[in-house]
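Peer 1: Test case, fold it:
(2 chains, ligands or ions: 1)
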Amino acid sequence: MQFESDDLPLSQRAEWKDVTPIPQDDGLHPIAPISYTKEYSEVMDYFRAISRQKELSPRALQLTEEIIWINPGHYTAWAYRLDILKHLNVDLRTELTFLDEFAEENPKTYQLWHHRREIIKLLDDPSGEMAVIAKILQEDSKNFHAWSYRQWILTRFQLWEGELTYIELMLDQDVRNNSAWNQRYFVVTRGNTVTPDSGATLQREIDYSLAKIRLAPNNESPWVYCRG
Amino acid sequence: MDPPTFLPKKHIAYFQRCLTLLPHPYQSEESVRLSLAFFCLGGLDVLGALDATLTDDQRQGHIDWVYAQQVTPAITTVPGTHGFRGGPFDGPLDDRVNGVNYVTANLATTYSALLSLVILGDDLARVDRKAIVRSMTYLQQPNGGIVPHPYSAECDIRFLYCACVICHLLDDWSGFDSDRAVEFIRRCQNYDGGIATSPGEESHGGMMLCATASLKLMGRLADGLPDRVAVLRWCIDRQNQGFHGRINKTDDTCYSFWVGAALKVLGHYDLIDDNRQREFLLTTQRHIGGFGKAPTEYPDVLHSYMGLVAFSMMGESGLAEIIPELNISKESYQKFLVKRCV
Ligand SMILES: [Zn+2]
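Peer 2: Next comes the predicted model:
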C-alpha cells in the first residue's frame, strides 16, 4: 500500500488534511524524556490521533509502517497494523513481502516474528517460510528469534522431514553453534521422524556428538548435548 | 597508563544526564520508556546519589509522572489492560472525544513503574491493585506462562518474572496461579541445565534470573527446579572473563547481572571469579560514565545499570546492596516496607 506522496511530511500530504495531530503530553516532570527526531514526532502525532479512534484504513496501514521502521518494538503499532490488515482484507502475501524486507533490517525484533506468526496462521500456509528463516540464519546463525519461529513452524505444520539434515549442515558450517545443537535436541525429542527413546536413536546421537567433540574438544555444546 | 578503575562519579553524571534527556536513538525503545526510567533511577539509587540529584519537588513530580501512566478501569474496560503503560506515547488517557483504543499497560512497564515508585519513596497507595491483579488472571495462559498485555502472544518467562515481582510488591497473589507458573518454569529448563524463554528454545542467561527469582518470590526455590546441580553448573560455565548469555557466545556486560544475580538468588555467588569479571567490566566501562555491552560499544542505560549492579554484587564499597530477586536496593525496599505498614 503506497501513497504517491509518502516522502513528504504528513502535514503536507493531501490524504491527512482532515486529521488534527495530537502532540505527546509529557507533563511537568517527565523522567528520561527522549529527544525525538522530527520525523518520529510527526508520525506519532498522527498515530495518537487515529489509533485511538481505531481508524482501520489504508492510510493508517501506511502510517503503522512508517512508525515501525523507526521504532520496531512499537507493540501498539504492530497490534493496530494486524487489525487493519484483517479489516481491509489486504492480500497477506504482500504483507509477507514487507516482513521479509523488514526482517533484513530488524531481524531481532520480537514483535516482527510474532506478527509473522499471526499472518501465517491466517494464510494457513507455511510454504516459503523455511527458506525465509534459512536466509535470516545465514546472516546470523544464532538469531534466537528466528530459531524460535522455526520451532513454531515445525510444530504447527509438522514439517520435521529434512530438519536434521538442515541442522547437520548448520553444524558443519559452525560446530560451536549452540542454537543448532539445541534445535537438534528439539527435533530428536519432539519431532515425528525419530523415536526418541529407542536405543538406536540414543546411540546415534551419542556417536554424533562424540564425533563432533573430537573435532573441537573444548566445544561445550556437544558435551552438554551428550550429557543431556 | 594507569590500570582502569571503577568510576562512580562518572556513572552518577551519566545517569543524571539520561534522567534529564535521552538522545534520539532511544526513540526505538520508547514503548518501554518506563523501563529506561527505571534503569536511570535504579542506577542513581545504587550509587546513593538520588537525594543529591532530585529536590523534593522533583521527586514528587516524578512520582506523579509515573502515576500519569497508570491505566485504570475508569480509562478502559478492555480486560488485561490495567497497570502502567510504557509512557505517554500512545496519547492522553482522558480523551473522551477520540477514545482510547489500543491504550494498554504491559507487565514489563508495570514492573518498572512499581520499582521506580518505590525507589522514589512512594508507598504505592495510589496503585489500583485490584485492577492489576484482575488483569493478570486474563493474561496468564493455561500453560502457566503469561503474556505482557492483551494484544500480545509473547507468552514467556520474562513476563512471568515481572508478574511475580508485581504480586510481591502489591502483596497480593490472588490473580496469579503459582502452581501452573512453576510447571511452566520447569518446562523451560533444558537438557543443558539452563532455562529458555519458552519451552524448547535455547537456554539464555536472562531467563535464568527470571526463573530463579520467580521461584524465590513464589517460595518455591527449594522444589521448583529439581536438578539444582545442573542449574549451578550451567551458570558457572557462563563465565569466561565476564559472562555470556548462551553457550559459545561472547561476553556481554549485562550477563554479569543476569547470571550473577541468579547465582545470588541461588546463594552461590561465591562460585564466581570476581577478579576476572572485574577486569572485563572495566573494559566495558566508559570514561564518560556508563557501560557498553562490549569493550568497543557506546554506553546505554540498560548495560550501564547492569554493569553497575554487578559491581554492587561484588561488594564494591560505596554502592548500595541489592535484593537480586526484586532488583532493587535493600535500603529502598526496607523504607517501602515501613511505609506500607503505617
Ligand atoms: Zn547485553
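Peer 1: contacting residues for residue B:120?
Peer 2: Counting by CB atoms under 8 Å, 6 or more residues apart in numbering or on different chains, residue B:120 touches B:41, B:59, B:62, B:63, B:66. Heads up, the C-betas are built off the backbone N, CA and C, glycines and all.
Peer 1: filter those residues by proximity to chain A?
Peer 2: When contact is defined as CB under 8 Å from any CB of the partner chain, the contacts of residue B:120 meet chain A at B:41, B:62, B:66.
Peer 1: Taking chain B, what residue is nearest to the ion?
Peer 2: In chain B, the residue that lies nearest the ion is residue B:254 (3.3 Å; CB to the ion).
Peer 1: Let me know how buried the nearest residue to that residue once chain neighbours are set aside is, in neighbour terms.
Peer 2: In space, and not counting its chain neighbours, residue B:254 is closest to residue B:306: 4.4 Å by CB to CB, 6 or more residues apart in numbering or on different chains. By other CB atoms under 10 Å in any protein chain shown, the residues close to residue B:306 number 26.
Peer 1: hmm, back to that, from the ones next to chain A among the contacts of residue B:120, which is closest to chain A?
Peer 2: residue B:62 (5.2 Å; CB to the nearest CB).
Peer 1: most surrounded residue in the ones next to chain A among the contacts of residue B:120?
Peer 2: Neighbour-wise, the ones next to chain A among the contacts of residue B:120 (other CB under 10 Å) top out at residue B:41, 29 neighbours.
Peer 1: Name all residues that make contact with it.
Peer 2: Contacts of residue B:41 (CB under 8 Å, 6+ apart): A:31, B:19, B:50, B:62, B:116, B:119, B:120.
Peer 1: So which of those belong to helices?
Peer 2: B:19, B:50, B:62, B:116, B:119 (DSSP state H).
Peer 1: which residue ranges form the helices in chain A?
Peer 2: So, for chain A - with DSSP H - the helices run A:38-51, A:58-70, A:75-88, A:92-105, A:110-123, A:129-139, A:144-157, A:163-173, A:178-190, A:199-215, A:220-227.
Peer 1: In TSV: those helices, plus mean pLDDT and distance to the ion.
Peer 2: Shown next, in TSV, are the helices of chain A (pLDDT from 0 to 100; distance: least, CB to the ion, whole Å):
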stretch	mean pLDDT	distance to the ion
helix A:38-51	96	24
helix A:58-70	97	22
helix A:75-88	97	21
helix A:92-105	96	20
helix A:110-123	97	15
helix A:129-139	95	20
helix A:144-157	96	13
helix A:163-173	95	24
helix A:178-190	93	17
helix A:199-215	88	28
helix A:220-227	88	20
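Peer 1: Could you export the ones you listed as TSV, including distance to residue B:268?
Peer 2: Below are the helices of chain A laid out as TSV (distance: least, CB to CB, whole Å):
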stretch	distance to residue B:268
helix A:38-51	45
helix A:58-70	42
helix A:75-88	36
helix A:92-105	40
helix A:110-123	31
helix A:129-139	35
helix A:144-157	26
helix A:163-173	32
helix A:178-190	23
helix A:199-215	28
helix A:220-227	19
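Peer 1: Next up, the contacts around the residue nearest to residue B:254.
Peer 2: Residue B:306 neighbours (CB under 8 Å, 6+ apart): B:253, B:254, B:256, B:257, B:258, B:291.
Peer 1: again, only this time at 10 Å
Peer 2: B:39, B:42-43, B:252-258, B:260-261, B:281, B:291, B:293, B:300, B:327 (CB atoms under 10 Å, 6 or more residues apart in numbering or on different chains).
Peer 1: so who does residue B:217 touch?
Peer 2: Taking CB under 10 Å, 6+ apart, one finds B:161, B:163-169, B:173, B:178, B:265, B:325-326 in contact with residue B:217.
Peer 1: same thing with residue B:15?
Peer 2: A:32, B:39-47, B:49-50, B:53, B:289-290, B:301, B:304-305, B:308.
Peer 1: Next: residue B:342.
Peer 2: residue B:123.
Peer 1: tell me the pLDDT at it?
Peer 2: Per-residue confidence (pLDDT) for residue B:342: 72.
Peer 1: likewise residue A:197?
Peer 2: Reading off the model, residue A:197 has pLDDT 68.
Peer 1: what do you get for residue A:217?
Peer 2: 85.
Peer 1: okay, now it: neighbour count?
Peer 2: Here the count is done by other CB under 10 Å, and residue A:217 has 9 residues near it.
Peer 1: So it is in contact with residue A:175, correct?
Peer 2: No. Contact between residue A:217 and residue A:175 fails when scored by CB atoms under 10 Å: they sit 11.2 Å apart.
Peer 1: list the contacts for the residue most central in space within chain A?
Peer 2: The centroid of chain A falls nearest to residue A:113 when counting by CA atoms, centre = their mean (2.2 Å). Applying CB under 10 Å, 6+ apart, we find residue A:113 in contact with A:99, A:103, A:107, A:133, A:136, A:143, A:145-146, A:148-150, A:152, B:154.
Peer 1: any chance of these in TSV, with distance to residue B:130 and neighbour count too?
Peer 2: Below are those laid out as TSV (distance: CB to CB, whole Å; neighbours: other CB atoms under 10 Å in any protein chain shown):
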residue	distance to residue B:130	neighbour count
A:99	39	18
A:103	41	23
A:107	41	18
A:133	43	21
A:136	44	21
A:143	41	19
A:145	36	22
A:146	40	23
A:148	35	21
A:149	37	22
A:150	41	25
A:152	35	19
B:154	25	18
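Peer 1: Nearest to residue B:81 among these?
Peer 2: residue B:154 (15.8 Å; CB to CB).
Peer 1: Need phi/psi at that closest one.
Peer 2: Dihedral angles of residue B:154 (phi, psi; degrees, to the nearest 10) stand at phi -80, psi 90.
Peer 1: Please apply the same query to residue B:5.
Peer 2: phi -120, psi 160.
Peer 1: Which residue comes closest to it once chain neighbours are left out?
Peer 2: Nearest one to residue B:5, counting by CB to CB, 6+ apart, is residue B:282 at 7.4 Å.
Peer 1: do the same with residue A:30
Peer 2: That would be residue B:65: by CB to CB, 6+ apart, it lies 5.7 Å from residue A:30.
Peer 1: Show me which residues of whichever strand or helix holds the one you found are buried.
Peer 2: Using DSSP states H and E, residue B:65 falls within helix B:56-67. Using 16 or more other CB atoms under 10 Å in any protein chain shown as the test for burial, helix B:56-67 gives B:59, B:61, B:62, B:63, B:65, B:66.
Peer 1: A strand includes the residue nearest to residue B:254, no?
Peer 2: No. Residue B:306 sits outside any strand when classified using DSSP: H, G, I helix; E, B strand; the rest coil, being helix.
Peer 1: Got the confidence number for it?
Peer 2: 98.
Peer 1: what's the answer for residue B:99, then?
Peer 2: pLDDT at residue B:99 comes out at 82.
Peer 1: Check residue B:142 too.
Peer 2: In this model, residue B:142 carries a pLDDT of 97.
Peer 1: near the ion, which residues of chain B show up?
Peer 2: Proximity of chain B to the ion, by CB under 5 Å from the ion, involves residues B:252, B:254, B:293.
Peer 1: how many neighbours does residue B:123 have?
Peer 2: 16.
Peer 1: Can you classify it by secondary structure?
Peer 2: Three-state assignment for residue B:123 (three-state DSSP): coil.
Peer 1: Quick one: the strands in chain B, in order.
Peer 2: Counting by DSSP state E, chain B has strands at residues B:70-71, B:83-84, B:322-323, B:328-329.
Peer 1: and residue B:328, what is it in contact with?
Peer 2: B:38, B:41-42, B:45-46, B:114-116, B:118-119, B:165, B:169, B:320, B:322, B:336.
Peer 1: Many thanks, have a good one.
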